[in-house]
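Enquirer: turn this into a model:
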Amino acid sequence: MCCLPLFVFACGQGPKVIEIGAPAPNFTLVDRQGKTWTLSELKGQVVFVNFWATWCPPCREEMPSMQKLYKMLPKDNFKMLAILNKDDPALADSFAKKHGLTMPIINDQDNTIGAAYGLTGLPETFIVDKQGILREKFIGLAQWNSPIHVQMLMKYINQ
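Expert: Predicted structure coming up:
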């Protein structure tokens, strides 16, 4: 009689892995101001999808650069969605007010969208092109208003 290790039974049932060059998983969520955001309705714009939490030090650290980027890029061709992952929305509201964040903050407290994107940790950022295709994935902290990131985003905005 043979017993297989437990992990074999779980094989293939882990987090979904989304691929660069594939359509980004669609979602509909409501931001902290009550506006509904549906990714598929943002076609024609480049969408910056960032998963974060107030309890995550690297997330808190990158938020000021995200705000600078948000203010810098053209609103008609670029959307930034900061998706709060497994966190208290009231804490996010307080953090946003304290740091002058104006980008939409969307609540994914139960990790439904995070699971669809195959999150491995926080922060993670996904760049979706004008056709709804995932073009970039960044794991960890980034200085979003740095020239290299602005240039990368402008490449997609100008396509």
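Enquirer: next up, the contacts around the residue most central in space within the chain.
Expert: Geometric centre of the chain, nearest residue: N50, 2.2 Å, by CA atoms, centre = their mean. Contacts for N50 (CB atoms under 8 Å, 6 or more residues apart in numbering) come out as M66, M80, L81, A82, I83, P123, E124, T125, F126. Using the backbone N, CA and C atoms, a C-beta is placed for each residue, glycine as well.
Enquirer: what helix or strand is the first one on?
Expert: Under the assignment given by DSSP states H and E, the secondary-structure element containing M66 is helix 57-72.
Enquirer: by contact count, what packs against that helix?
Expert: The contact analysis (3 or more CB pairs under 8 Å, 6 or more residues apart in numbering; DSSP states H and E) places helix 57-72 against strand 46-52, strand 78-85, helix 89-99, helix 147-157.
Enquirer: now render the ones you listed as JSON lines, adding distance to G132 and mean pLDDT.
Expert: JSON lines is the format used below for the helices and strands packed on helix 57-72 (distance: least, CB to CB, whole Å; pLDDT from 0 to 100):
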{"stretch": "strand 46-52", "distance to G132": "8", "mean pLDDT": "98"}
{"stretch": "strand 78-85", "distance to G132": "12", "mean pLDDT": "98"}
{"stretch": "helix 89-99", "distance to G132": "26", "mean pLDDT": "96"}
{"stretch": "helix 147-157", "distance to G132": "12", "mean pLDDT": "97"}
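Enquirer: which among those is found nearest to E19?
Expert: Nearest to E19 among these is strand 46-52 (15.2 Å), distances taken as CB to CB.
Enquirer: strand 78-85 and the closest one, what's the angle between them?
Expert: Angle of strand 46-52 versus strand 78-85, following axes from the mean of the first three to the mean of the last three CA atoms, to 10 degrees, is 20 degrees.
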